[in-house]
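Participant: below are the sequence and a predicted model for it; my questions follow.
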Amino acid sequence: MFKKILVANRGEIAVRIMRTCREMDIATVAVYSSADEAALHVLESDESVFLGDSEPSESYLNIDKIIDAAKKTGAQAVHPGYGFLAENPLFARRCLEEGITFIGPPADVVRNLGNKTTARSIMMKAGVPVIPGMTEPLSDIERLLREAERIGYPVLVKAVSGGGGKGMREVRDSADLAESCLAARREAEQAFGDGSVYLEKRLSRPRHVEFQILADAHGNVIHLFERECSIQRRHQKIIEETPSPALTPELREKMGIAAVAAARAAGYVNAGTIEFLLDESGAFYFLEVNTRLQVEHPVTELTTGLDLVRLQIEIAAGNKLGLRQEDIRAGGHAIECRIYAEDPENSFFPCPGKIILHREPSGPGVRNDCGVYSGFIVPVEYDPILSKLAVFASDREAARKRMLRALENYSLTGIKTTIAFLMDVIGSDAFRLGQTCTDFVDEHFSGWKVKDDALMDIAMIAHVADGLLAFKSVRQREGIEKGWSTPWNTLGEWKL
Amino acid sequence: MKYHLVCGEMKANVAVEGWNSEGEGLFSVEGRNYRISARRIADDTILMRANGRAINALIAREGDERFVCVNGRCYNFKDASSGPVRRKRSEQENRAEDVTPPMPSVVVKILAAEGDKVEKGQGLVVVSAMKMETTLKAPHQGIVKKINTSVNARVAPGDILVELTKSS
């Protein structure tokens, strides 16, 4: 097993990876930029290496600097987390060349699956259903128009190298196709350095259902069931849960078999996610493979009892998967809410700044994967995720109520966050009934504002009470110290 | 005791009756009554019961600002003596005519030069915050009088990045 692992990431995911390393007695190396000198992932690591300026190209995206850091510290393996270099085949290849183990799939697999049209071809050959559409990118508008006619409107223009909704356009009418293709191409060129686009059928009210898979280097492939990730804003997930309220046991089995077939067809090794779209008729289509640890992996960990990061590390070390498909049992229900530094009243604009106070919820079935603390300044340069609050309970309704309770107990001030928005979504009838599709936020929550209700009254009362209690509440009885910092001197008389 | 509080556009009167040393009293917010018992358990934490329901309130101070968190919602209060004020909304209204970023961000591109004549809605500055780009547009037709920023500069809400003269 590795003695030391470098985590080539930041924030909550770097912290989460390091925690498993610690449990495995593996030393950790953090890397950081000038914006992250006091970041939690640096403070919680055994060693840290400064990379450079806050721009990602000077730090977390800089392959040379990260390789140097691994060599300098003697790290035998690199865990890329998600985002940044996690799905960059050049980084995976470079690690291999430098004799450092990349904790993820082989570089060729990352490259093939990162190209959407190549991935579609691989899946079609393996008999995995794909969304009707093209398997080669095209730039000729006349031919794109003919393809769109063949597929049938509405269509989606998608970037071959795309992700996160960038370089994507919905087209309902042939008159708009040319312009949308050009716009998508420009956006993709800027975001991914590759402007090629292709067309895919736009499904009506689809759900986003993905399967977690695990594959070792010895040909064993299993899946760890699904995650339902339909609730999204800006084409990015914000609430995930497992099991999906939309899957019957038969459909789950069918999709699981397809996911394992997809992983085998791609020659996959390590943990990965096969994303599908599921339409209202119960037909499902391959969407893409995420060749990394997913943001939403905690819900799978909660229902299966497995540690995906530990399994990733063991697979990367060449170990055989000690689990067969029939060993995998999922029980109960898990939900995850992403706490972003964003203003949900204002189109989810990112909202960096100083966190004045941060108090995490706790209690039965509550897990918070968090990368911030009171006083931390959330930098402008990076993804606005602050933490991922996940809950586990015996069934969906119990998990839903538990999530509401946990969100109520999450106090985070100084910057705008998604907490109050998430509470309204989780508390809504549509969510309670499991009516989640990818249009959910637009359909039920567009133009959302914080409710002006009794809670505002309570906040004002708390504000006034804070002043009234300033120097009065502490019982300064004989033998008790002054101050109000602990319940010992504030709870009054009581016995154990 | 009576308090006059301001919350965004909302003004409210909070009256307290019978406040005692046990931290109990009857609060009335615009005639809505709450029986409150409150106890401080930490510098920043007050546990309350409001009409028999438990409320966990966190109160943080930063300069003259006060932040109150109750049940997952946060309210931003400014200077206790003038009452609580929810910041953003009113500030944004005042600034509708200014070219200023909606959040702390970094300038990516400047799309206009001093002396340019611009149309209403024309892009002036592209800023980026946390991987998301936003184009700040001209609020009205006019001539670019002054550009107060440069590429890679860090900017915050309230910074006027481009000054426009109104052309009539």
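Facilitator: Done, it's in. This is a predicted model, so every value here is computed, not measured. Numbers count the residues shown, from 1 in each chain, chains lettered A, B, ... in the order given.

Participant: going forward, measure contacts and count neighbours with C-alpha atoms only.
Facilitator: Will do.

Participant: all helices for chain B, in order.
Facilitator: Remark: helices assigned in chain B by DSSP state H are B:87-94.

Participant: which segments of it make up each domain?
Facilitator: Listed domain ranges for chain B are B:2-89, B:96-166 (source: automatic domain parsing).

Participant: count of residues packed around whatever residue of chain A ends up closest to chain B?
Facilitator: Relative to chain B, the nearest point of chain A is residue A:408 (4.0 Å; C-alpha to the nearest C-alpha). Residue A:408 has 20 neighbours, counted by other C-alpha atoms under 10 Å in any protein chain shown.

Participant: surely residue A:168 is in contact with residue A:158?
Facilitator: Yes. With contacts counted by C-alpha atoms under 8 Å, residue A:168 reaches residue A:158, the gap being 4.6 Å.

Participant: so what sits against both of the two?
Facilitator: residue A:184 (C-alpha atoms under 8 Å, 6 or more residues apart in numbering or on different chains).

Participant: ok, now which ones touch residue A:452?
Facilitator: By C-alpha under 8 Å, 6+ apart, residue A:452 lies in contact with nothing.

Participant: backbone dihedrals for it, please?
Facilitator: phi -90, psi 90 (degrees, to the nearest 10).

Participant: pLDDT score for it?
Facilitator: Listed pLDDT for residue A:452 reads 79.

Participant: so what's residue 129 scoring on pLDDT?
Facilitator: No chain in the question, so chain A it is. Looking at residue A:129, its pLDDT reads 96.

Participant: wrong chain, I was asking about chain B
Facilitator: The model's pLDDT for residue B:129 equals 83.

Participant: could you find the closest non-adjacent residue to it?
Facilitator: The shortest distance from residue B:129 to any non-neighbouring residue, by C-alpha to C-alpha, 6 or more residues apart in numbering or on different chains, is to residue B:105 (4.6 Å).

Participant: what's the neighbour count on that neighbour?
Facilitator: When neighbours are defined as other C-alpha under 10 Å, residue B:105 has 28 of them.

Participant: again with residue A:17
Facilitator: By other C-alpha under 10 Å, 23 other residues sit near residue A:17.

Participant: least reliable of the domains of chain B going by mean pLDDT?
Facilitator: domain B:2-89 (a mean of 81).

Participant: residue A:385 bridge partners, please.
Facilitator: Under DSSP bridges, the beta-bridge partners of residue A:385 are residue A:340.

Participant: what's around it, how many residues?
Facilitator: 23.

Participant: pLDDT score for the residue of chain A closest to chain B?
Facilitator: At residue A:408, the pLDDT value in this model is 94.

Participant: rounded mean pLDDT for stretch A:430-440, please.
Facilitator: The model assigns stretch A:430-440 a mean pLDDT of 93.

Participant: hmm, I typed the wrong one, I wanted stretch A:466-479.
Facilitator: For stretch A:466-479, mean pLDDT rounds to 59.

Participant: re the thing from before, turn the domains of chain B into a markdown table, columns for distance to residue A:306.
Facilitator: Rendered in a markdown table, the data for the domains of chain B read as follows (distance: least, C-alpha to C-alpha, whole Å):
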| stretch | distance to residue A:306 |
| --- | --- |
| domain B:2-89 | 30 |
| domain B:96-166 | 32 |
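
Participant: in the stretch 51-200 of chain A, which spans are strands?
Facilitator: Ranges of strands in the stretch 51-200 of chain A, per DSSP state E, counting those that start in this stretch, are A:77-79, A:101-102, A:155-159, A:169-171, A:197-201.

Participant: note down every partner strand of the fourth one and its orientation.
Facilitator: Think strand A:169-171. Paired strands of strand A:169-171, defined by DSSP bridges, are strand A:155-159 (antiparallel).

Participant: the strands in the stretch 201-350 of chain A, which residues?
Facilitator: A:207-215, A:221-233, A:236-242, A:270-278, A:284-290, A:333-340, A:342-343, A:349-350.

Participant: what does the stretch 301-450 of chain A put close to chain B?
Facilitator: Selection of the stretch 301-450 of chain A residues close to chain B by C-alpha under 8 Å from any C-alpha of the partner chain yields A:349-353, A:356-357, A:379-384, A:407-414, A:419-420, A:423.

Participant: narrow these to those in strands?
Facilitator: Using DSSP state E, the members of these that fall within strands are A:349-350, A:353, A:357, A:411-413.

Participant: between these, which has the most around it?
Facilitator: residue A:350 (30 neighbours).

Participant: leaving out the residues flanking it, which one is nearest to that residue?
Facilitator: In space, and not counting its chain neighbours, residue A:350 is closest to residue A:342: 4.2 Å by C-alpha to C-alpha, 6+ apart.

Participant: please report how far that neighbour lies from residue B:27.
Facilitator: Note on residue A:342: its distance to residue B:27, by C-alpha to C-alpha, to the nearest Å, is 34 Å.

Participant: next one: residue A:88
Facilitator: Counting by C-alpha to C-alpha - residue A:88 and residue B:27 are separated by 59 Å.

Participant: more neighbours: these two, which one.
Facilitator: When residue A:88 and residue B:27 are compared on other C-alpha under 10 Å, the one with more neighbours turns out to be residue B:27, at 26 against 18.

Participant: surely the more buried one is in contact with residue A:463?
Facilitator: No. If you go by C-alpha under 8 Å, residue B:27 and residue A:463 don't touch, sitting 12.0 Å apart.

Participant: dump stretch A:329-343 to CSV, restricted to CA.
Facilitator: C-alpha atoms of stretch A:329-343 as CSV (Å, rounded to 0.1, in the frame of the first residue of the first chain):
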residue,chain,number,x,y,z
ARG,A,329,-26.5,-4.5,-0.5
ALA,A,330,-28.0,-1.0,-0.3
GLY,A,331,-30.4,-0.2,2.5
GLY,A,332,-32.3,2.9,3.6
HIS,A,333,-32.4,6.2,1.9
ALA,A,334,-29.8,9.0,1.5
ILE,A,335,-30.1,12.5,0.3
GLU,A,336,-27.4,15.1,-0.3
CYS,A,337,-27.8,18.9,-0.5
ARG,A,338,-24.9,21.0,-1.9
ILE,A,339,-24.3,24.1,0.1
TYR,A,340,-23.0,26.6,-2.4
ALA,A,341,-21.7,30.2,-1.9
GLU,A,342,-24.4,31.5,-4.2
ASP,A,343,-27.3,33.9,-4.1
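
Participant: can you give me how far it is from the chain middle?
Facilitator: 10 Å (C-alpha atoms, centre = their mean, to the nearest Å).

Participant: ok, now stretch A:179-193?
Facilitator: Taking C-alpha atoms, centre = their mean, the mean C-alpha location of stretch A:179-193 is offset from the chain mean by 24 Å.

Participant: in that stretch, what's buried?
Facilitator: When neighbours are counted by 16 or more other C-alpha atoms under 10 Å in any protein chain shown, the buried residues of stretch A:179-193 are found to be A:180-189, A:192.

Participant: nearest spatial neighbour of residue A:337, chain-adjacent residues omitted?
Facilitator: Spatial nearest neighbour of residue A:337, excluding adjacent residues (C-alpha to C-alpha, 6+ apart): residue A:239 at 4.7 Å.
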